[in-house]
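Peer 1: Sequence below, structure please.
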Amino acid sequence: MSASPPPPEEGAVPLAGVGAVAVAGNDRVLAAAHHIVKSLATSKNAADDMIRILSGFDYRFSNITSDLFHSTSPSRSRSPSDADADPEAPSLADFDEAARLIHLWDTTPEALVFEAPEDDAANYLAAVDVAVDHLAAGGAAAASGRAGVAVQLAMARLEDELRHLMLRHAVPLDASGLYCSLRRLSLESMDDLDTSSEFDPTTPHSQEGAPDTARSASIVGNPFDDQLFDLVRPDAVDELRAIAERMGRAGYASELVQVYCGIRRDLLDECLTVLGVERLSIDEVQRVEWKQLNDKMKKWVHGVKTVVRSLLTGERRLCDQVLAVSDELRDECFVESTKVCIMQILNFGDAVAVCPRSPEKVSRVLDMYEALAEVIPELKELYYGTPGDDVICDLEGVLGRLGDAVKGNLLEFGKVLQQESSRRPMMAGEIHPITRYVMNYLRLLVVYSDTLDKLLDEDAAGDADHNASNGGADDDEEYLQSLTPLGHRLVKLMSYLEANLEEKSKLYEDGALQCIFSMNNTLYIVQKVKDSELGRILGDHWTRRRRGKVRQNSKSYLRISWTKVLSYLKDDGHGSGSVSLGNSSSRVKEKFKNFNFAFDEIYRSQTLWKVPDPQLREELKISISENVIPAYRAFLGRYGSLVDNGRNSGKYIKYTPEDLENQLSDLFEGSLGSANHSRRRL
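Peer 2: You can find the predicted model right below:
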């Protein structure tokens, strides 16, 4: 395809001589034109109307009629006063030449000005300038009519050229290209933690990831510095601006807006598809399974930041460059071309905000809330001025509804904690799945502490009903006043968990196992608090109280488990002068026998119990040894001789102190210990 107008056919009159066309084939046309002009010369209005009509058929005919009319009608000849009316207006000769060039390009609609050699494009734009200026000057009616036609033809071509340039020079974007500025931004805080199901004992939720660390990586540095995309190749921007300036000056702003916004709107829509931000209705979002919805929410979070910081920022820059002809036009085009993109993003946010409340959604909704809150100040800079006010209002409305969804989901989490009533005890007394779930959940919440402190109203989050839930363990007024809004909510949720665990401990018939269960779970809670931002928010006061509970449960365990065993080793006057040796020997044997039986019972059961924390496990064993071994050693030393001298003494003196020490080392390992430790007879 040739970008320049085609050469004249052989034998054709050169266009440069249109003003003096005189070929044999046109004699009759010229004669008719002379007759028409002479007959109209007496009526100025009729002449102007006829010239305007004729100029609409063919530019050569309009030139002929205009020249003939001026040559035969003295009253229509240009006077010095006419020429001086607008000294900056292009001359009629300049306009004639410009009109000829515009009409010539119109005869080759398949050719493109901006694919022609550079001089051709420059000449065409210069011709458009002349035609526009001539039309604006408002000269003679004939010239005005011709100028209107020339400008109309030029604007139709420029509209097509604008559309072609914008489509041809749009930068193709794929997902990797769009995300390149997000590579250093980790928003996977929730991916380090499985909170995707309810409190199912078959799902231990034991992942011990460190969401604090993962989250901290997301706030180091701004990966968007100098990361603007060129949405249109830079070498086309000048040409687009040249077209836009002429369409704006010619009064074709509405056509310019329609073409520009339509193309940019479609391209942005394609970008959203690439980013995975789907166009979904509220009903469709509510029907999506949580796993799929979770993925869509993650893509939305990435998409919002990419769209605002890469696409919309680039779009704003493109508008400013291409539509510099008018500030009003520039702002209008930016709003119109991006409105659908913004509304698609906001519609999904709205749909998520009104979804049924569920605890597992809190973290992801918080991600959405923070992503939108983070970009709103940037959007305000992009959508400045009256045209963007509605967009900002819509953005802030969705942000508020996402915040309400966060608070609603947190309230739902508290209700689930209070209503959870699984009746299957942990057989070994180990850490309950609900404890792991809740602590990991709360550790994740504190990652969003700044946001949650803003969202949670202190009066609503810190009401006094948590004191009733935890037996007044945290009723210190000064302590409560020191807590942040999130701190109040955490104390309340912790109290729900502790009350729930207290009820679960009652499922054990063995009081000692109740103590082991309580110790395991309370210590786990304390450790999770200490090793995260929870410790900073809840403070040492809260932690000290829970450590006190662990010590109290340890003492209770020793009392319940070992008081009866130790009672068989008490010195109750054996061997005194008032008691016969025979009677003393039989009573000592009975005591040894009862001790062995009680110890074996504890050994069989408590080797199956589990204390996961190695330090607590060792401390319990030491405490038991410090109570049992010295008492047994003393009893054995004092009364062992009464049994050892008789027959079947091994039946009564079953263990040495060293044997007991070895046996005690098997406790709380969660598996049956060896029952065949070597025994040494005294």
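
Peer 1: When you work out contacts or count neighbours from here on, use the C-alpha atoms and nothing else.
Peer 2: OK.

Peer 1: Residue 127 against residue 98, yeah?
Peer 2: Yes - the pair residue 127 and residue 98 qualifies as a contact (Cα atoms under 8 Å) at a distance of 4.3 Å.

Peer 1: Please enumerate the helices of the stretch 151-300 of the chain.
Peer 2: 175-179, 211-217, 234-249, 253-275, 282-287, 290-306 (DSSP state H, counting those that start in this stretch).

Peer 1: Could you give the average pLDDT over the shortest one?
Peer 2: Within the predicted structure, the mean pLDDT of helix 175-179 is 56.

Peer 1: next one: the second one
Peer 2: Helix 211-217 shows a mean pLDDT of 39.

Peer 1: Which of the helices or strands spans the closest residue to residue 537 other than its chain neighbours?
Peer 2: Excluding the flanking residues, the one nearest residue 537 by Cα to Cα, 6 or more residues apart in numbering is residue 487, at 5.7 Å. Using DSSP states H and E, residue 487 sits within helix 485-505.

Peer 1: Now that helix - C-alpha only, PDB.
Peer 2: Extracted C-alpha coordinates of helix 485-505, given in PDB (Å, rounded to 0.1, in the frame of the first residue of the first chain):
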ATOM      1  CA  PRO A 485      -7.800  -1.500  70.400                       C
ATOM      2  CA  LEU A 486      -6.300  -4.600  68.800                       C
ATOM      3  CA  GLY A 487      -4.900  -5.600  72.200                       C
ATOM      4  CA  HIS A 488      -8.400  -5.500  73.800                       C
ATOM      5  CA  ARG A 489      -9.700  -7.700  71.000                       C
ATOM      6  CA  LEU A 490      -6.800 -10.100  71.400                       C
ATOM      7  CA  VAL A 491      -7.400 -10.400  75.100                       C
ATOM      8  CA  LYS A 492     -11.000 -11.200  74.500                       C
ATOM      9  CA  LEU A 493     -10.300 -13.800  71.800                       C
ATOM     10  CA  MET A 494      -7.600 -15.400  74.100                       C
ATOM     11  CA  SER A 495     -10.200 -15.600  76.900                       C
ATOM     12  CA  TYR A 496     -12.600 -17.400  74.600                       C
ATOM     13  CA  LEU A 497      -9.800 -19.900  73.700                       C
ATOM     14  CA  GLU A 498      -8.900 -20.400  77.400                       C
ATOM     15  CA  ALA A 499     -12.500 -20.900  78.400                       C
ATOM     16  CA  ASN A 500     -12.900 -23.400  75.500                       C
ATOM     17  CA  LEU A 501      -9.700 -25.300  76.600                       C
ATOM     18  CA  GLU A 502     -11.000 -25.300  80.200                       C
ATOM     19  CA  GLU A 503     -14.100 -27.100  79.100                       C
ATOM     20  CA  LYS A 504     -12.100 -29.600  77.000                       C
ATOM     21  CA  SER A 505      -9.900 -30.400  80.000                       C
END
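
Peer 1: change the start of the numbering to 300 and stick with it
Peer 2: Sounds good: first residue 300 from here, last item helix 784-804.

Peer 1: circling back: for the helices of the stretch 450-599 of the chain, which one sits closest to residue 449?
Peer 2: Nearest to residue 449, of all the helices of the stretch 450-599 of the chain, is helix 533-548, at 13.1 Å by Cα to Cα.

Peer 1: for the residue nearest to residue 585 when sequence neighbours are not counted, helix, strand, or coil?
Peer 2: Distances taken as Cα to Cα, 6+ apart place residue 654 nearest to residue 585, at 5.9 Å, with adjacent residues excluded. Per DSSP: H, G, I helix; E, B strand; the rest coil, the local secondary structure of residue 654 is coil.

Peer 1: Closest to the centroid, which residue in this protein?
Peer 2: By Cα atoms, centre = their mean, the chain has its centre lying nearest to residue 600, at 1.9 Å.

Peer 1: Point out where this protein drops to low pLDDT.
Peer 2: Applying pLDDT under 70 to the chain flags the ranges 300-389, 438-443, 471-529, 757-774, 871-882, 943-948, 972-981.

Peer 1: what angle do the longest helix seen in it and helix 784-804 make?
Peer 2: Scanning the chain for the longest helix, with DSSP state H as the assignment, gives helix 832-866. Helix 832-866 and helix 784-804 meet at an angle of 30 degrees, taking axes from the mean of the first three to the mean of the last three Cα atoms, to 10 degrees as the criterion.

Peer 1: can you pull out the helices in the stretch 600-749 of the chain?
Peer 2: When secondary structure is read from DSSP H, counting those that start in this stretch, the stretch 600-749 of the chain shows helices at 612-621, 626-652, 661-681, 688-718, 732-744, 748-754.

Peer 1: which of those sits most buried?
Peer 2: helix 732-744 (a mean of 22; mean count of other Cα atoms under 10 Å).

Peer 1: Centre of the chain to it, how far?
Peer 2: The chain centroid and the centroid of helix 732-744 are separated by 22 Å under Cα atoms, centre = their mean, to the nearest Å.

Peer 1: which helices and strands sit right next to that helix?
Peer 2: helix 510-516, helix 784-804, helix 810-829, helix 832-866 (3 or more Cα pairs under 8 Å, 6 or more residues apart in numbering; DSSP states H and E).

Peer 1: Nearest to residue 680, out of the ones you listed?
Peer 2: Per Cα to Cα, nearest to residue 680 of the helices and strands packed on helix 732-744: helix 510-516, 26.8 Å.

Peer 1: and this structure, what are its domains?
Peer 2: For the chain, the structural domains run 314-376+388-464, 474-484+524-718, 732-857, 867-963, going by automatic domain parsing.

Peer 1: Now distance to residue 725 too, for these, in JSON lines please.
Peer 2: JSON lines is the format used below for the domains of the chain (distance: least, Cα to Cα, whole Å):
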{"stretch": "domain 314-376+388-464", "distance to residue 725": "70"}
{"stretch": "domain 474-484+524-718", "distance to residue 725": "18"}
{"stretch": "domain 732-857", "distance to residue 725": "8"}
{"stretch": "domain 867-963", "distance to residue 725": "10"}
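
Peer 1: The ones you listed: which one's closest to residue 726?
Peer 2: Here domain 867-963 is closest among the domains of the chain (Cα to Cα), at 7.7 Å.

Peer 1: That closest one spans what distance, first to last residue?
Peer 2: Taking Cα to Cα, to the nearest Å, domain 867-963 runs 18 Å from one end to the other.

Peer 1: hmm, back to that, export the helices of the stretch 450-599 of the chain to TSV and tack on distance to residue 798?
Peer 2: What follows is those, written out as TSV (distance: least, Cα to Cα, whole Å):
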stretch	distance to residue 798
helix 474-478	46
helix 510-516	26
helix 533-548	65
helix 552-574	45
helix 581-586	33
helix 589-605	29
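
Peer 1: re the thing from before, could you dump the helices and strands packed on helix 732-744 into CSV with mean neighbour count and distance to residue 638 added?
Peer 2: Listed next are the helices and strands packed on helix 732-744 as CSV, based on neighbours: other Cα atoms under 10 Å; distance: least, Cα to Cα, whole Å:
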stretch, mean neighbour count, distance to residue 638
helix 510-516, 17, 32
helix 784-804, 21, 36
helix 810-829, 22, 45
helix 832-866, 16, 40
